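K.L.:
Below are the sequence and a predicted model for it; my questions follow.
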Amino acid sequence: MHAVLRSPWLRGAIFGLVLLAWAWFLWGQLDELRHYPWQLGPLPLLISIGWGALYFAGLALGWTLLLRTMEGAAGQVGLLAGSHIWLSTMLARYVPGNIWHIVGRVALAGQLGVSKSHVATSATVEQLLTLMGAALLFGLSLPFWGVGAGAELWLLGLLPLGLIALHPRIFGALLAWAAVRLKRPDLAWPYRYRTMLWLLGAFALANLAAGLALYVLVAALTPVGIALLPFLVGAAALAWALGYLSLLTPSGLGVREAILTTLLAQVVPLPVAIIGSLLHRLALTLGEVVAVGLVVGLRRIG
């Protein structure tokens, strides 16, 4: 079953179905989209791209700080060097297979003497921390939703489970077992629980930047008050998490936008919800490109 789920043909077919569903949906809303009084200027889009750049820079920094908690060469990786490795390889995640960004990290980090095991382990923990950071933001936003989040509340239940799983007596023990079993002592790295909690906070702050990018865009498309900010931050975090957990589309492409459109439509007109979700993806993607350009430029200057 696992091999079937990882099949590029299945993933390609599902991605194609998602795109067709979006095309059909947009066609049905075309008249309403065409007649909506759009008012988006270039400045809000540029600001949202800036927040998107901060989002990806924050994730890159979070991974680098995580890597630096490990022993050996991993603990000596500089913040700029680690961020460069993370950012310069992440665009490869859109390539079918969803592993090439990790392969790239292994290759670039290997040039600094970092072992494959440390890169693989850090990438696994990073995904858990990013998911937990999004769940944390979503949970903190729930009191501002006005009503319960319905079936999505199960996602919030992942947070305490994740906090427990991160404890050295559980995750650390699992790493120690794997180190012996696989004869790779570098897999077992001692870490402090407090350090993991600080890292979780860093990943949550990165997700906050993505939520602020959404708020800027929605506020530019239709009048909204600051009171809607927590909802939009939580909606962005929830849509990212569910899109990530969908697994079968690259970076939740299409799935995240569908979820975000559904959530936004509860508080803004449907045309704004549609365009806002699509522009959010665009702003984050362009923000990623900006972050990559900045870190590459800083590396060359340095």
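P.N.:
All right, it came through fine.

K.L.:
Have a look at the protein and report its longest helix.
P.N.:
Scanning the chain for the longest helix, with DSSP state H as the assignment, gives helix 270-301.

K.L.:
That helix - contacts with which helices or strands?
P.N.:
Helices and strands touching helix 270-301, as assessed by 3 or more C-beta pairs under 8 Å, 6 or more residues apart in numbering; DSSP states H and E, comprise helix 30-35, helix 42-67, helix 79-90, helix 193-221, helix 255-264. (Each C-beta comes from the backbone N, C-alpha and C, glycine too.)

K.L.:
Among the ones you listed, which comes closest to Ile301?
P.N.:
helix 79-90 (10.0 Å; C-beta to C-beta).

K.L.:
tell me which residues in that closest one are buried?
P.N.:
Judged by neighbour count (16 or more other C-beta atoms under 10 Å), helix 79-90 contains these buried residues: Ala81, Gly82, Ser83, His84, Ile85, Trp86, Leu87, Ser88, Thr89, Met90.

K.L.:
between these, which is nearest Ile49?
P.N.:
For the buried residues of helix 79-90, the nearest to Ile49 is Leu87 (15.1 Å; C-beta to C-beta).

K.L.:
In contact with the closest one, which residues?
P.N.:
Residues near Leu87 by C-beta atoms under 8 Å, 6 or more residues apart in numbering: Phe56, Ala57, Ala60, Glu288, Ala291, Val292, Val295.

K.L.:
ok, now Pro44?
P.N.:
By C-beta under 8 Å, 6+ apart, the neighbours of Pro44 are Val216, Leu217, Ala219, Ala220.

K.L.:
so where's this protein shaky on pLDDT?
P.N.:
1-16, 18-19, 21-22, 25-26, 28, 30, 94-98, 146-158, 247-252, 302 (pLDDT under 70).

K.L.:
how close does the closest residue to Gly287 other than its chain neighbours get to Glu126?
P.N.:
Leaving out its chain neighbours, the residue that sits closest to Gly287 by C-beta to C-beta, 6 or more residues apart in numbering is Gly52, at 2.1 Å. Per C-beta to C-beta, to the nearest Å, Gly52 is found 19 Å from Glu126.

K.L.:
more crowded one of these two?
P.N.:
Gly52 (27 against 19; other C-beta atoms under 10 Å).

K.L.:
circling back: can you lay out the contacts of Leu87 as a markdown table showing distance to His35?
P.N.:
Shown next, in a markdown table, are those (distance: C-beta to C-beta, whole Å):
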| residue | distance to His35 |
| --- | --- |
| Phe56 | 35 |
| Ala57 | 39 |
| Ala60 | 42 |
| Glu288 | 33 |
| Ala291 | 36 |
| Val292 | 38 |
| Val295 | 43 |
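
K.L.:
The residues you listed: which two are farthest apart?
P.N.:
Farthest pair in the contacts of Leu87, by C-beta to C-beta: Glu288 and Val295, 10.9 Å.

K.L.:
Just give me how far stretch 40-51 sits from the chain centre.
P.N.:
20 Å (C-alpha atoms, centre = their mean, to the nearest Å).

K.L.:
An error on my part: the question was meant for stretch 116-134.
P.N.:
12 Å.

K.L.:
ok, now stretch 257-264?
P.N.:
16 Å.

K.L.:
what's in contact with it?
P.N.:
18, 21-22, 214, 218, 232, 235-236, 238-239, 242-243, 270, 272-274, 276-278, 280-281.
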